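Q: Dropping a prediction and its sequence here:
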Amino acid sequence: MTQTLGGGMDTILRLIDTNGTTMIAENDDVQAGMMESRLSFTAPANGDYWLVVVHKDATATSGTYEVLATVGGSVPPPAPVDDHGNDQANATAITVGPATAGKIEVVGDLDMFAVDLTAGSVYDFRTATNDDTILTLFDDQGNLLDSNDDEDVSQGLLNSLISGYSAPATGTYYLLVEAYQGTLADYTIIVSGGSAPTPDDHGNDQANATAITVNQATSGKIEVGTDVDMFAIDVTAGTVYDFKTDTLDDTILTLFDDQGNLIDSNDDEDVSQGLLNSLISQWTAPNTGTYYLLVESYQTTLADYTITASAPTTPPPPPVTPDDHGNDMASATAIVLSSTPTAGKIETAGDEDWFEVDLANGKSYEFRAATAGDTTLALMDNQGNQLAFNDDDTAGMTLGSVIAYVATGSGSHYLVVKGKGQTTPDYDVTAVDNTPPAADAQLATAAFSDKDGNQLASMGDEILLTFSEDVTTVTPIMALDPNQELTLGVTGNTFGMGATMSTTANNKEILVVLGTDPNLRLGGTFDVAMVTSGSASGIDVAAGTAIQTAATQTAAVSNPVDIETSLTTGFYPAADLVTARGYHSATTLDDGRVLMVGGLRDGSSFAYESEIYDPATATWTNASDASLGGNSAIMAAQDSQGNAYYIGRYDHSATKLANGQVLIAGGFGFEGTVDYADPANPRPIYRELQSAFVFDPSTNAFTPAGTIQAPRRGHYATLMPNGNVVFTGGFNSAINNGNGGTLPLVEVYDAVAGTFTAMQNVGMQFPREAGTAHLLANGKILHVGGQLFATTQTNPNVQLYMAPGSSEFDMTNGGAAGPALTDNRRWHAASENAAGEIFVFGGDSGGAGLASVEKFDPVAMTFTKVGDLRANRARAQAVALGDNVLVLGGMEIDYTAGTISNLTTGELYNTAANVSEEYQLQSDRNTFKAVKLNDGSVMLVGGFAGGSTSISGLDGTAVMACERFVQP
């Protein structure tokens with residue numbers, strides 16, 4: 001306390017701990033109104049503490065006081081000192097061998113010891129004491145490894161013992177000593193051992209089990225408390241065994257099968273008699289094989305023992321006559337429908353033999369038990385109800401048994417054979433299907449249904465097959481594929497990918513639904529004797545079909561039937577154009593639409609608007625229509641005065657590029673200006689065009705695509721493998737001093753740069769127009785037929801000549817003569833097939849209209865006449881349809897009569913048989929375009945109709961209505 005304060009002193013008294021920094025207690029005033037301070041404190045431990053006196057007024061500079069420390073009351077005795085730490089961090093280190101004394105000084109005290117052990121060595125840990133201790137072993141992670149309370153409570157030994165511990169790893173382990181239930185204890189702790197583990201005399205698991213035999217004693221030892229010994233013994237089914245350990249120690253004996261399943265176990269033979277050995281008695285082996293016995297000691301004690309397996313001798317059971325067939329449904333012998341018998345015997349009086357047989361509803365069967373003895377035979381259903389019974393085969397005049405039965409249900413049935421009375425006969429049992437064989441189903445009709453109304457065989461359309469017999473059992477019902485179970489009469493015809501087949505409510509029908517891209521020729525009648533690539537499709541059941549009419553009967557292969565349909569091959573009306581025109585271009589876009597560009601209207605006026613056909617709506621729309629995005633889709637330019645004007649053109653080229661865009665180039669029309677007579681009023685002039693545009697289907701718009709180096713019309717534009725376009729031939733009216741002529745100059749359009757470049761020192765040998773150009777597999781361009789306008793050394797005036805045969809153009813070496821045609825021709829049509837063959841149709845020779853057909857062989861590099869069209873055709877169109885080519889419209893020229901007339905027919909030419917079928921057009925037309933749509937039909941677009949007096953085809957009336965050729 002502080003007292004005797006002076007000089008305005010107001011004290012604060014603080015008590016500081018022995019570390020000199022921690023404040024234990026503080027007091028300002030003893031009580032209200034007093035400036036002295038006082039603390040009462042009981043010291044927890046001996047040591048030096050500090051009292052600190054400070055002035056309460058931090059601004060005061062001085063003051064006087066006295067400080068007094070007194071002992072208040074008695075001082076408690078000092079706390080006992082803990083001899084060993086309570087945890088691993090404060091554990092007392094001990095070694096193997098020496099004893100270490102310890103004391104549990106207070107209730108709840110723990111003593112922890114650290115000892116280093118060697119992997120594989122065996123140790124005992126013991127407390128020596130008359131008190132009651134508990135001893136626990138931990139690893140260095142604090143995991144409990146073992147624990148013991150009393151060494152042997154029955155002997156009054158309350159000390160603790162962990163015996164026979166084998167260290168799994170070298171390192172530091174920890175022993176914890178505590179007193180039992182709040183008592184105190186004096187003790188010594190001893191670690192002994194450290195020797196290598198005692199060798200294990202017998203393995204611990206089935207893989208390492210020791211084999212023993214019956215009636216042979218085998219000694220064993222539980223070397224350490226955790227040891228177990230495993231033994232293997234072979235036993236015989238039905239034999240009774242005893243398994244026993246002979247020992248004064250306490251053992252446990254367990255029996256397992258070879259899968260490790262516990263069968264039986266015993267701890268003590270008779271604990272009441274003090275027999276702590278183990279006995280498994282009177283165990284009957286259920287199966288012959290290896291079983292396993294496990295010996296272990298009770299509560300990890302040690303044990304010496306012998307183990308014995310014995311089989312007490314018992315009188316053998318009386319012999320049992322084996323039963324060859326079961327006596328009930330569960331144990332019935334399964335037999336199949338066959339005339340081959342199954343032998344049986346009634347071994348004892350009253351025995352009965354059961355047989356299981358599978359029957360089908362409605363079928364007729366005969367069941368027979370043939371015997372030299374006397375049998376009875378019963379037929380049961382799967383519920384145990386008797387369906388039929390027979391004692392003697394009266395028809396066969398035997399004592400065997402026979403049942404004739406027509407099944408009223410399908411599934412398992414049972415035959416029961418017995419001996420008559422107390423007899424035990426031998427017999428043979430048979431079950432035979434006597435049902436007359438079902439007639440194979442013959443395909444009778446096949447009817448096509450045009451579900452989408454597009455007059456073609458397309459995805460989702462159906463073919464209903466009618467058979468002569470029931471075909472409702474279709475196998476397998478979940479995976480029917482008409483391409484496997486049916487066959488089409490024409491090679492290459494298919495039902496389409498993903499086509500399905502299913503049954504209908506009528507058990508004699510099968511419905512086929514066509515898949516993606518079917519290839520079926522429906523028009524015409526199938527003739528099995530005249531199957532060609534252009535024939536109508538016949539249909540039949542494939543050999544080995546999975547369409548089943550009974551268990552062993554299937555739909556039979558027969559002559560194919562025709563696929564019946566109301567659809568016919570021919571030309572059908574299609575959508576009208578917005579503006580009637582001819583001499584235009586038409587291109588099928590990648591998305592299935594059709595782009596029509598340019599051309600001439602009635603009166604030879606230009607059609608500026610481009611149009612787009614959408615097959616989804618079956619309508620034509622101006623490309624500039626707002627419904628297509630509102631983009632300007634009219635090709636336009638500006639004159640020298642900056643005035644905008646539309647560009648009209650015809651006889652131009654339209655080339656679909658590799659990226660799906662369409663390049664429109666050249667042709668005849670008007671563009672540019674002339675300032676001759678009236679420079680102040682420039683105007684467009686008519687001429688061959690230099691301009692080119694690219695149409696983008698994604699925006700429905702045209703953009704300029706560079707300038708052609710040599711303006712031309714009626715030229716050839718060939719798409720090359722690198723994506724560029726090569727322009728050859730065509731006519732230019734300005735060359736040859738304004739007299740015009742066909743162009744030898746070749747130029748290339750770079751699709752990436754968007755520029756035209758004239759090829760230097762490389763040109764056509766015979767510049768031509770009015771023919772066809774074809775890219776060959778060798779990279780050359782083959783120009784077939786046509787005409788040329790040129791001068792010669794003997795005739796400086798421009799003259800029209802028929803182009804000789806064909807010519808080849810090589811990008812490196814230029815033009816060269818090609819193979820000769822059988823007939824030189826112009827204004828012909830041509831088509832290529834997948835093999836690279838080129839078919840050339842009709843045209844005129846300059847003196848006669850041609851109907852002949854020639855084929856180019858790309859291997860032999862020759863032209864050969866292969867057939868004739870039904871009429872001579874010039875300015876016709878040709879479209880490939882599989883192995884066939886559709887040759888459309890055009891003009892028929894009669895040089896003798898001096899007449900030119902439009903044809904009103906089209907021909908489907910079979911390139912394999914070199915014959916054609918003729919179909920009537922909806923309208924005659926020339927200078928039209930024909931494009932193949934994605935559904936396989938062909939659309940005829942525009943053109944001029946009416947009498948024509950010129951090979952140019954520019955007279956007549958522009959046709960508004962389109963038409964479509966459909967080959968169902």
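A: Good, I have the coordinates. What you see is a predicted model; the values in this text were computed from it and never measured.
Q: make it CA atoms for all contacts and neighbour counts henceforth
A: Fine.
Q: Next SSE downstream of the longest strand along the chain?
A: As far as residue count goes, and with DSSP state E defining each element, the longest strand of the chain is strand 185-195. As assigned by DSSP states H and E, the chain's next helix or strand after strand 185-195 is strand 210-211.
Q: where's that next one relative to the chain centroid, distance-wise?
A: For strand 210-211, the distance from its own C-alpha centre to the chain's C-alpha centre is 53 Å (C-alpha atoms, centre = their mean, to the nearest Å).
Q: Contacts for that strand, please.
A: Outside of strand 210-211, the residues within contact range by C-alpha atoms under 8 Å, 6 or more residues apart in numbering are 202, 203, 230, 231, 232, 233.
Q: Now that the fifth one has come up, it's in contact with residue 295, right?
A: In other words, residue 232. No: if you go by C-alpha atoms under 8 Å, residue 232 and residue 295 don't touch, sitting 11.7 Å apart.
Q: Show me how the record splits this structure into domains.
A: The record, using automatic domain parsing to delimit domains, assigns the chain the ranges 2-67, 88-195, 206-310, 333-433, 574-962.
Q: Ok, which of these comes nearest residue 505?
A: Residue 505 lies closest to domain 333-433 among the domains of the chain, at 20.4 Å (C-alpha to C-alpha).
Q: Look at residue 232 and residue 295 and report which has more neighbours.
A: Neighbours per residue (other C-alpha atoms under 10 Å) separate residue 232 from residue 295, with residue 295 holding more: 27 against 23.
Q: and the gap between the spatially most central residue of the chain and residue 459?
A: Most central residue of the chain, judged by C-alpha distance to the mean C-alpha position with C-alpha atoms, centre = their mean, is residue 498 at 16.3 Å. Counting by C-alpha to C-alpha, to the nearest Å, the gap from residue 498 to residue 459 is 9 Å.
Q: what's the overlap in contacts for those two?
A: Counting by C-alpha under 8 Å, 6+ apart, the residues touching both residue 498 and residue 459 are 514, 515, 516.
Q: quick one, phi/psi of residue 154?
A: phi -70, psi -20 (degrees, to the nearest 10).
Q: give me the number of residues near it?
A: Burial of residue 154 is recorded as 8 neighbouring residues (other C-alpha under 10 Å).
Q: got the contact list for the closest residue to residue 258 other than its chain neighbours?
A: For residue 258, the nearest residue in space outside its immediate sequence neighbours is residue 291; the separation is 5.6 Å by C-alpha to C-alpha, 6 or more residues apart in numbering. For residue 291, the set of contacting residues under the criterion of C-alpha under 8 Å, 6+ apart consists of 232, 233, 234, 235, 255, 256, 257, 258.
Q: What's the ChimeraX syntax to select whichever of those are buried?
A: Selecting just the buried residues from the contacts of residue 291 in ChimeraX takes one command, with 16 or more other C-alpha atoms under 10 Å as the test:
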select :232,233,235,255,256,257
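Q: Can you lay out the contacts of residue 291 as a markdown table showing pLDDT and secondary structure?
A: Compiled in a markdown table, the contacts of residue 291 are given as follows (pLDDT from 0 to 100; DSSP: H, G, I helix; E, B strand; the rest coil):
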| residue | pLDDT | secondary structure |
| --- | --- | --- |
| 232 | 96 | strand |
| 233 | 96 | strand |
| 234 | 95 | strand |
| 235 | 94 | strand |
| 255 | 96 | strand |
| 256 | 96 | strand |
| 257 | 95 | coil |
| 258 | 94 | coil |
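Q: Among the contacts of residue 291, which one sits closest to residue 285?
A: Among these, residue 235 lies closest to residue 285 (C-alpha to C-alpha), at 6.6 Å.
Q: residue contacts, the closest one?
A: By C-alpha under 8 Å, 6+ apart, residue 235 lies in contact with 285, 287, 288, 289, 290, 291.
Q: quick one: which of those is most hemmed in?
A: Each of the contacts of residue 235 was scored by neighbours using other C-alpha under 10 Å; the highest score is residue 291's, at 21 neighbours.
Q: most tightly surrounded among the domains of the chain?
A: Each of the domains of the chain was assessed for mean neighbour count using mean count of other C-alpha atoms under 10 Å. The highest is domain 574-962, with a mean of 20.
Q: measure it end to end?
A: The first-to-last residue distance of domain 574-962 comes to 5 Å (C-alpha to C-alpha).
Q: Let me see the contact set for residue 957.
A: If you count contacts by C-alpha under 8 Å, 6+ apart, residue 957 has them with 602, 944, 945, 946.
Q: do residue 794 as well
A: With contacts defined as C-alpha under 8 Å, 6+ apart, residue 794 is in contact with no residue.
Q: With the one 4 residues further on instead?
A: By C-alpha under 8 Å, 6+ apart, residue 798 lies in contact with 736, 739, 740, 741, 789, 790, 791.
Q: quick one: the closest residue to residue 96 other than its chain neighbours and residue 93, what's the gap?
A: If the residues on either side of it in the chain are set aside, residue 96 comes closest to residue 191, at 4.9 Å by C-alpha to C-alpha, 6+ apart. Taking C-alpha to C-alpha as the measure, residue 191 falls 12 Å from residue 93.
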